[in-house]
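Peer 1: Provided below are the primary sequence and the corresponding predicted coordinates.
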Amino acid sequence: MDVSRLTTRRRARSASDTRLVAATPLRGLLNKVFPDHWSFLLGEIALYSFLVLLVTGAFLAVFFEASMDDTVYDGSYTPLRGTHMSAAYASTLDISFEVRGGLLVRQIHHWAAMLFMASIVLHLLRVFFTGAFRRPRRLKWIIALSVFWVGLATSYTGYMVLDDGLSGTGLRVLSGITLSIPVVGTWLTSSIFGGEFPGDVIIGRLYFLHALVLPALLVALLSAQVALRLRLKPSQWPGPRRTNANVVGERLAPRYAIKQAGLFMLVCAVTALLGGLFQINPIWLFGPSQAAAVSAASQPAWYVMFLDGAVRLMPPWEVTLPFGDGYAIAPIFWAAVVLPGLLVILPAVYPFIEARVRRDHREHHLLDRPRDAPTRTALGAMAVAFYLVLTSAGAADVIALELHVSTNVMTWAGRIGLLLLPPAAYWITRRVCLGLQQHDRQVLAHGVETGIIRRGPDGGFTEVHQPLAAPGTELPYAGWAVPKKMNRLGALTPSATGFFTPIEQPAQAPATRDRHPTVG
């Protein structure tokens, strides 16, 4: 009898252990801790705006006709009635003016694309300046870069399939870029366009890429990014009780998940508000695409404008190779093919270059403050300055028109700025970082300024400092924020903040009894 009871208990215990083992992965996922800081939400904003893109894109795909067949427009937009155009452009006009809610969905789709690219760029900058690309997150960095470039291609193909006057200009630029590629350029252009520019198949091919191939690739990349984030230990800002071995934050369930759901709703609300109140890409004003016409003041999206600026600033240097009668390489090849190739390769290999130069192959789970990595921060500032100069050069014709200056002046200003501003940004940023480090160390050594001024026996004035440690104790610089105000030390209570403006209660004098004699 005792033996049977013991066997039954062992079986029950083994079954219970099996249930616990089976529940461990899910329980571990729900108990995973994520740090709570606004800068970590940039990647989530990109993910949620991509979900908005998928939903709105599926709606638009029902009504869009990706065809270059000639048709005569007979819709409700009166200025274009009787105009010959492609079926793709006519269907886009119908979506804007005939389909109920079509214009709203179109504009939400466009604004979501802008938000997606902006959040990806800010996320990449945050990762770079804080050193979050170091081991074990090198693969995440490469995937994030791939998301940017695939997203750029997806947005570009989305522009081109509309077949309006602006996208026709972009297609002509694409044709010129592919023609500049040595040896295979002519064959590649003919293959893409199905013959001479513009052909009659390019819209269908771009739509296939935009609606199926590139979104599927983005889904795969973003899924891999999410999987790596769930698998790896989250990075966090340095601070008290935060080390490479722990994570200070909130568990995935329930608070973090609720916050993410709220952020998703906020992204949907913002894109809907932008789509409903602010006009974007009014294709009916551009007219249909014409191969023999180029739209004046044509500007690409802000995240593609740097390539346009590089083409405009490239000097007319034509390299002739000594093959046969001479093989010429057009200047646009260096600006539109070689430069993007370098911009793809250099950021991807930078984590390996930095690790080799600094001889640091350890795993890092604590982020660097930008001031604590002055060389990296200076390189990032130099890259941002390089990007801003090229972006402004992409709008040089519009700037010249508005400021009533010569376009040649804008071109030479961009070339000079491209040579001078990035090195200047590097030097200034590095000096600022070193100065901020020195200020932090001075606070650790001498204490926090109290605002109390004392006059010495010799008549001089000195400010009283509140030391951060006992006299004779030397505090090491640990890499996190150093308190520089008294309220950070608990000596002063910080004022309460309101929703829009701070709520500050002015100091009031204590109530005193009236000592004047009364007249009786």
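Peer 2: Nice, I can see it.

Peer 1: Tell me the confidence at Pro506?
Peer 2: As summarised for this prediction, Pro506 has a pLDDT of 50.

Peer 1: er, Leu390 I mean
Peer 2: With respect to pLDDT, Leu390 has a value of 94.

Peer 1: Double-check it against Met314; I have them as touching.
Peer 2: No - in this structure, Leu390 is not within contact of Met314 by CB atoms under 8 Å, at 10.5 Å. For the C-beta atoms, the positions are set from N, CA and C on the backbone; glycine is no exception.

Peer 1: Am I right that Gln260 falls within a strand?
Peer 2: No - assigned with DSSP: H, G, I helix; E, B strand; the rest coil, Gln260 falls outside any strand and is helix.

Peer 1: From Val267, how far out is the nearest residue in space to it that is not next to it in sequence?
Peer 2: Closest residue to Gln260 apart from its sequence neighbours, by CB to CB, 6 or more residues apart in numbering: Glu44 at 6.4 Å. Separation of Glu44 from Val267 (CB to CB, to the nearest Å): 9 Å.

Peer 1: just to revisit the earlier point, what about the residue nearest to Gln260, neighbour count?
Peer 2: Per other CB atoms under 10 Å, the neighbour tally for Glu44 reads 18.

Peer 1: May I ask you to confirm that it is in contact with Gly262?
Peer 2: No - between Glu44 and Gly262 there is no contact under CB under 8 Å: 10.9 Å.

Peer 1: Any regions of the stretch 1-150 of the chain where pLDDT drops low?
Peer 2: Counting by pLDDT under 70, the stretch 1-150 of the chain contains low-confidence ranges at 1-23.

Peer 1: in it, which spans are helices?
Peer 2: For the stretch 1-150 of the chain, the helices defined by DSSP state H, counting those that start in this stretch occupy 2-30, 42-63, 87-97, 102-130, 138-160.

Peer 1: And the strands in the chain?
Peer 2: Under the criterion DSSP state E, the chain contains strands at 33-34, 70-72, 84-86, 250-251, 319-321, 327-329, 448-455, 461-466.

Peer 1: Please name whichever of the ones you listed is nearest to Val409.
Peer 2: Closest to Val409 of the strands of the chain is strand 319-321 (CB to CB; 27.0 Å).

Peer 1: same question for that closest one, mean pLDDT?
Peer 2: Averaged across strand 319-321, pLDDT comes to 82.

Peer 1: what bridges to the residue lying closest to Pro288 once chain neighbours are set aside?
Peer 2: In space, and not counting its chain neighbours, Pro288 is closest to Met85: 3.6 Å by CB to CB, 6+ apart. Going by DSSP bridges, Met85 is paired in beta bridges with Thr71.

Peer 1: hang on, Arg441 packs against Tyr477?
Peer 2: Yes - contact criterion CB under 8 Å: Arg441 and Tyr477 qualify, at 5.7 Å.

Peer 1: Could I get the contacting residues of Leu297?
Peer 2: If you look again at residue 297, you'll see it is Ala, not Leu. 397-398, 401 (CB atoms under 8 Å, 6 or more residues apart in numbering).

Peer 1: Top of these by number of neighbours, please.
Peer 2: Asp397 (17 neighbours).

Peer 1: who's in contact with that one?
Peer 2: Contacts here follow CB under 8 Å, 6+ apart; on that basis Asp397 touches 297, 407, 410.

Peer 1: thinking again about what came up before, Leu390 and Met314 - which one has more neighbours?
Peer 2: Legend: neighbour count by other CB under 10 Å for Leu390 and Met314, higher for Leu390 (23 against 18).

Peer 1: returning to what we had before: how about TSV for the strands of the chain, with distance to Thr178 and mean neighbour count added?
Peer 2: Listed next are the strands of the chain as TSV, based on distance: least, CB to CB, whole Å; neighbours: other CB atoms under 10 Å:
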stretch	distance to Thr178	mean neighbour count
strand 33-34	44	18
strand 70-72	25	13
strand 84-86	21	19
strand 250-251	50	15
strand 319-321	18	11
strand 327-329	14	14
strand 448-455	61	12
strand 461-466	65	12
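
Peer 1: Of all those strands, which one is nearest Tyr426?
Peer 2: Minimum separation from Tyr426 across the strands of the chain (CB to CB) falls at strand 319-321, 29.2 Å.

Peer 1: distance between that closest one and the chain's centre?
Peer 2: Strand 319-321 sits 38 Å away from the centroid of its parent chain (CA atoms, centre = their mean, to the nearest Å).

Peer 1: go on, stretch 364-381?
Peer 2: 18 Å.

Peer 1: What separates the first and last residues of it, distance-wise?
Peer 2: Across its full length, stretch 364-381 reaches 23 Å end to end, with CA to CA, to the nearest Å as the criterion.

Peer 1: Now it: buried residues?
Peer 2: The neighbour-count check on stretch 364-381 (16 or more other CB atoms under 10 Å) flags 364-374, 376-381 as buried.

Peer 1: measure Ser76 to Asp94 for me?
Peer 2: Relative to Asp94, and taking CB to CB, Ser76 is found at 9 Å.
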